[in-house]
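Trainee: what shape does this take:
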Amino acid sequence: MRGPRLGIRSRLLVAVVGAVALALVVGVITLNLLLRERLSASATSLAKAQAAAQLGSLEVRGGRLVTPERPDERAVGSQVWVFAGSRLVERPAVARRLDAQARAMAGGPARSHDAGEEARLYALPVIRNGRRYGTVVSAVSLDPYEESEQTALIGSIILAAVLLGAIFVASRWMLGRAFLPVATMTEDAASWSAHDLDRRFDLGEPYDELTRLASTLDALLERIAASLRHEQRFTAEVSHELRTPLARISGEAELMMRRERTPDEYRTALEAIQRNAQQMTRTVDALVAAARQDAGLTRETSDAREAVQAAVVNAGSREPKVRLTLPQEPIPVAVDQELVERMVQPLVDNAVRYGRAKVEVSVARNGAAALIRVDDDGPGVSEDERASIFEPGTRGTAAGESGDGAGLGLALARRIARSAGGEVSVTPSGEGGRFTLRLPLAR
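Mentor: I've put the predicted structure just below:
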């Protein structure tokens, strides 16, 4: 004999709460795994920074490795070993087991090593003029990171439980309100059955208010979902695009506080912080503009020539100079001028950065589109990098070891162009770079 079956309201409540519970479990697990990886990377970065700071202070005198005494380092209490070959030059006051593991890393390559759950070690070779003189090993305690990880885990579980309870209460109330018309109809039907057996509901197919309400709610939820997708994508892009400049600012600030510097070194560090802050500002402005374009809040037209000219002017007087070719007639595009400028600017900046003696920018019509071409005589882009250079944070081989640029300009240019119905493409060549921006013409 079958037991009582759940009604529609109860089944919906179970489905909603079950799905939310599953999503929260996945979210909590994912969040804590990501946090764990991030904390691990942070510990390695800190140990490496300590080793690099000590490495910069070492000197070679008479063919021997020398560690100048600096009272401020003793105050900081950093755990750093200095080895000249296998000979210990300097060591901190630490446990014997940790000291033995640091000794084991002397003479090896640059690498990190976990000393159990106690500390993370990082070794850097001391090389001067192509000759190795020793090894610097630094240690970072893992206790604060483990405490942070445990706190985040407990907090996320509590938050998930609170959210699940709140969603359960809210869902139950909302479902009760949604099924209120059905309850009313049921009461009316019971009343008619008691007083007049000939009266019936005859509304056709489909006939009930719940079906129309479901259709209305589907349309409403679709609009809400679209809005949330735009917001989530915007949040994810901001997080990704700002990670690099934020890390640079944090790194510069940390190095500034680690030891005393000369006024020129402080000025250099502050200039680096200012450059990254300006990059963050440009990134946020570009992402906001792209989000507004996606949301349909900006549907203006502009003359492509004016936007390109403004981007060239912003390139300044750097060498090589930009040669600009513009048609006599206006080229109206269905994009706001500010957005067009934000698409063109990274292309021009790249051409000026990598071009040797020639940078040419041209604007022309091509059917129902406007074509903006940026050519330079630099190293160009290989076929293998044709797609990867448009990924956020990726820089081509032409950038070499230079730290100039964060690999975000081309990604933002394509992102904004596609949001406006256009495209940014590159022509692979070893004889120079050619980037093409295609935008729809205004009708």
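Trainee: domain parsing for this structure?
Mentor: 57-143, 203-297, 298-440 (automatic domain parsing).
Trainee: okay, how far is it across stretch 381-391, tip to tip?
Mentor: Length of stretch 381-391, first residue to last, Cα to Cα, to the nearest Å: 14 Å.
Trainee: just checking, Thr325 touches Val359?
Mentor: No: with contacts counted by Cβ atoms under 8 Å, Thr325 stays clear of Val359, the gap being 11.7 Å. Quick note: C-beta positions are derived from backbone N, CA and C, even for glycine.
Trainee: who has more neighbours, those two?
Mentor: Using other Cβ atoms under 10 Å, the more surrounded residue of Thr325 and Val359 is Val359, with 28 against 11.
Trainee: identify the residues contacting the closest residue to Ala420 other than its chain neighbours.
Mentor: Spatial nearest neighbour of Ala420, chain neighbours left out: Val335 (4.5 Å); criterion: Cβ to Cβ, 6 or more residues apart in numbering. Counting by Cβ atoms under 8 Å, 6 or more residues apart in numbering, Val335 makes contact with Gln293, Glu300, Thr301, Ser302, Ala420, Gly422, Leu439, Pro440.
Trainee: which element is Val335 on?
Mentor: Assessed by DSSP states H and E, Val335 sits outside every helix and strand.
Trainee: could I get the full set of strands for the protein?
Mentor: Ranges of strands in the chain, per DSSP state E, are 59-61, 64-66, 79-84, 87-90, 111-115, 119-128, 131-141, 302-303, 322-325, 332-333, 359-366, 369-376, 423-426, 433-440.
Trainee: kindly reformat those as a markdown table containing mean pLDDT and distance to Glu385.
Mentor: Converted to a markdown table, the strands of the chain look like this (pLDDT from 0 to 100; distance: least, Cβ to Cβ, whole Å):
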| stretch | mean pLDDT | distance to Glu385 |
| --- | --- | --- |
| strand 59-61 | 80 | 40 |
| strand 64-66 | 78 | 42 |
| strand 79-84 | 86 | 40 |
| strand 87-90 | 82 | 45 |
| strand 111-115 | 84 | 29 |
| strand 119-128 | 87 | 31 |
| strand 131-141 | 87 | 34 |
| strand 302-303 | 86 | 31 |
| strand 322-325 | 87 | 23 |
| strand 332-333 | 90 | 28 |
| strand 359-366 | 90 | 20 |
| strand 369-376 | 91 | 15 |
| strand 423-426 | 90 | 8 |
| strand 433-440 | 90 | 11 |
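Trainee: Ile416 is nearest to which of those?
Mentor: strand 423-426 (8.8 Å; Cβ to Cβ).
Trainee: span of stretch 57-64 from start to end?
Mentor: 14 Å.
Trainee: find the nearest non-adjacent residue to Asn32, please.
Mentor: In space, Asn32 is closest to Leu153, 5.2 Å off (Cβ to Cβ, 6+ apart).
Trainee: buried residues in stretch 323-336?
Mentor: Leu324, Leu326, Ile331, Val333, Ala334, Val335, Asp336 (16 or more other Cβ atoms under 10 Å).
Trainee: pLDDT weak spots in the stretch 51-200 of the chain?
Mentor: 69-78, 178, 180-200 (pLDDT under 70).
Trainee: helices of that one, start to end?
Mentor: Taking DSSP state H, counting those that start in this stretch, the helices of the stretch 51-200 of the chain run over residues 71-76, 96-104, 143-178, 180-195.
Trainee: quick one: list the elements packing against the longest one.
Mentor: Taking 3 or more Cβ pairs under 8 Å, 6 or more residues apart in numbering; DSSP states H and E as the contact definition, the neighbouring helices and strands of helix 143-178 are helix 8-57.
Trainee: what packs against the helix it packs on?
Mentor: strand 79-84, strand 111-115, strand 119-128, strand 131-141, helix 143-178, helix 209-258.
Trainee: quick check: mean pLDDT of the last one?
Mentor: Along helix 209-258, the predicted local confidence has a mean pLDDT of 62.
Trainee: circling back to that earlier point, tabulate the strands of the chain (JSON lines), appending distance to Gln274.
Mentor: Converted to JSON lines, the strands of the chain look like this (distance: least, Cβ to Cβ, whole Å):
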{"stretch": "strand 59-61", "distance to Gln274": "32"}
{"stretch": "strand 64-66", "distance to Gln274": "36"}
{"stretch": "strand 79-84", "distance to Gln274": "31"}
{"stretch": "strand 87-90", "distance to Gln274": "36"}
{"stretch": "strand 111-115", "distance to Gln274": "32"}
{"stretch": "strand 119-128", "distance to Gln274": "29"}
{"stretch": "strand 131-141", "distance to Gln274": "29"}
{"stretch": "strand 302-303", "distance to Gln274": "30"}
{"stretch": "strand 322-325", "distance to Gln274": "25"}
{"stretch": "strand 332-333", "distance to Gln274": "33"}
{"stretch": "strand 359-366", "distance to Gln274": "26"}
{"stretch": "strand 369-376", "distance to Gln274": "27"}
{"stretch": "strand 423-426", "distance to Gln274": "28"}
{"stretch": "strand 433-440", "distance to Gln274": "28"}
